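> Here is a sequence together with a model predicted from it:
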Amino acid sequence: MTNTHQFPEDHVHYTWDKDPQPVLTIDSGDQVDFSTREVADDQFNKDSVTEDIATLDWAKVYPLAGPVEVRGAEPGDTLEVEILSLKPGSWGWMAILPGLGLLPDEFPDAYLRTFDLSDGHFIHFNDNIKVPITPFFGTMGVGPANAEGQVIMPPGTFGGNMDTRHLTTGTKLYLPVQVAGAMFSCGDGHAAQGDGEVCVTALECSMQASLKFRLIKGKKIPAPQFQTAGALTPQVDHKGFYGTTGVGPDLMASARDAIRSMVDHISENYGLEPKDAYLLCSLCVDLKISEIVDAGQYIVSALLPLAVFQENE
């Protein structure tokens with residue numbers, strides 16, 4: 001029999017710390033229902049504008065629900081997190097944040113857009129572009145060993161801010177336990193995101209979620225692993241993809257080149273301003289390492305699903 005727990009909405013933390021006090025203690029096999037805040041901790045609302053970015057309190061970014069203690073978990077074990085359900089809130093936002101993202105020099109100015117998610121199926125980017133809602137948590141992780149005031153971004157071998165878009169309903173995530181009790185936390189809900197989250201935000205939103213936990217004793221893994229319930233991009237695979245590439249000896253530089261070309265392609269062919277094309281890349285374009293073994297000249301591809309464009313229907 002599965003015991004179901006409700007995680008209290010008023011408990012969040014903004015950093016990873018050693019020896020945290022658990023908010024909730026569960027047994028292996030239990031389910032926990034979460035209601036998480038969006039990543040800016042309600043500093044934005046559906047009527048927010050670009051100027052509101054200047055007042056953002058970064059100490060209140062990344063409010064995580066947790067920690068959840070799993071009885072009997074010890075370093076050297078693995079925690080399985082089965083994602084039973086995910087439901088985003090009624091609205092969300094995306095932004096270009098100065099100095100962050102894959103192309104900070106090309107997009108130095110702040111930019112914020114909010115989106116109505118009440119459709120429940122699609123994000124209406126504009127009249128001709130709609131992106132399937134595919135929710136997931138950008139951040140899920142166990143407590144990292146020896147952490148003390150450690151910022152949520154970036155991720156680590158314990159998980160954390162992984163921004164892995166395939167951690168959606170039906171996926172099982174496996175996390176290497178690093179501290180007694182595992183001390184799991186989650187948050188940073190996304191309504192959709194492309195592989196890479198290239199502008200540094202996905203479609204950020206609050207989230208209702210149900211997760212089931214199973215402790216695997218004595219199984220040691222070096223870093224997070226996961227198993228999906230089906231195809232990686234089933235909602236857009238019925239149409240083709242347009243790909244741009246970056247080629248060179250540096251994977252980061254190649255990724256930037258691929259996204260620069262994709263921003264240009266979207267702007268020129270779909271009538272979007274470059275800043276909106278950049279947001280769309282972060283929302284639905286997938287970065288892939290297409291080639292890495294050939295004499296130090298690597299290829300990174302940026303893949304745009306043509307299914308998001310209504311004119312192609």
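Yes, it's here. Residues are numbered from 1 along each chain as shown.
> Off-centre distance for stretch 19-29?
When C-alpha coordinates are averaged (C-alpha atoms, centre = their mean, to the nearest Å), stretch 19-29 and its chain have centres 24 Å apart.
> Give the buried residues for it.
Within stretch 19-29, the residues that qualify as buried are 20, 22-24, 26, 28, counting by 16 or more other C-beta atoms under 10 Å. C-beta here means a position set from N, CA and C on the backbone, and glycine is covered the same way.
> Helices of the stretch 151-300 of the chain, residue ranges please.
Assignment of helices within the stretch 151-300 of the chain using DSSP state H, counting those that start in this stretch yields the ranges 251-270, 274-284.
> Just the mean pLDDT for the longest one, thanks.
Okay, so that is helix 251-270. For helix 251-270, the per-residue pLDDT values average out at 98.
> before we move on, what about the shortest one?
Per-residue confidence for helix 274-284 averages out to 98 on the pLDDT scale.
> how big is the angle separating it from helix 251-270?
Regarding helix 274-284 and helix 251-270, their directions subtend 110 degrees when assessed with axes from the mean of the first three to the mean of the last three C-alpha atoms, to 10 degrees.
> helices or strands up against helix 274-284?
Where contact means 3 or more C-beta pairs under 8 Å, 6 or more residues apart in numbering; DSSP states H and E, helix 274-284 is packed against strand 91-96, strand 111-116, strand 122-126, strand 129-132, helix 251-270, strand 298-305.
> who wins for proximity to E204 among those?
strand 91-96 (5.3 Å; C-beta to C-beta).
> quick one: that closest one to chain centroid distance?
Strand 91-96 sits 13 Å away from the centroid of its parent chain (C-alpha atoms, centre = their mean).
> could you say what helices and strands that strand packs with?
Counting by 3+ C-beta pairs under 8 Å, 6+ apart, strand 91-96 packs on strand 111-116, helix 274-284.
> Compute the inter-axis angle for the last one and strand 111-116.
Relative orientation of helix 274-284 versus strand 111-116 (the same axes, to 10 degrees): 50 degrees.
> which residues are in contact with helix 274-284?
By C-beta atoms under 8 Å, 6 or more residues apart in numbering, the surrounding residues in contact with helix 274-284 are 94, 96, 101, 103, 106-107, 109, 111, 113, 123, 125-126, 129, 131, 192-194, 196-203, 236, 259, 262-264, 266-267, 270, 272, 302, 304-305, 308.
> do the first one as well
Strand 111-116 is touched from outside by 44-50, 52-53, 90-96, 123-125, 191, 203, 275-276, 279, with contacts defined as C-beta under 8 Å, 6+ apart.
> What residues sit buried inside it?
Within strand 111-116, the residues that qualify as buried are 111-115, counting by 16+ other C-beta under 10 Å.
> So, low pLDDT: which residues of the chain?
311-313 (pLDDT under 70).
> what do you get if the cut-off is 50, keeping everything else the same?
312-313 (pLDDT under 50).
> returning to what we had before: can I get the helices and strands packed on helix 274-284 in CSV including distance to D286?
Supplementary listing: the helices and strands packed on helix 274-284 in CSV, determined by distance: least, C-beta to C-beta, whole Å:
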stretch, distance to D286
strand 91-96, 17
strand 111-116, 20
strand 122-126, 16
strand 129-132, 12
helix 251-270, 10
strand 298-305, 5
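> among these, which is nearest P155?
Shortest distance between P155 and the helices and strands packed on helix 274-284, using C-beta to C-beta, is found for helix 251-270: 16.4 Å.
> so how far is the closest one off the chain centroid?
Here helix 251-270 is found 21 Å from its chain centre; the criterion is C-alpha atoms, centre = their mean.
> so who does A182 touch?
68-70, 73, 77, 79, 142-143, 175, 215.
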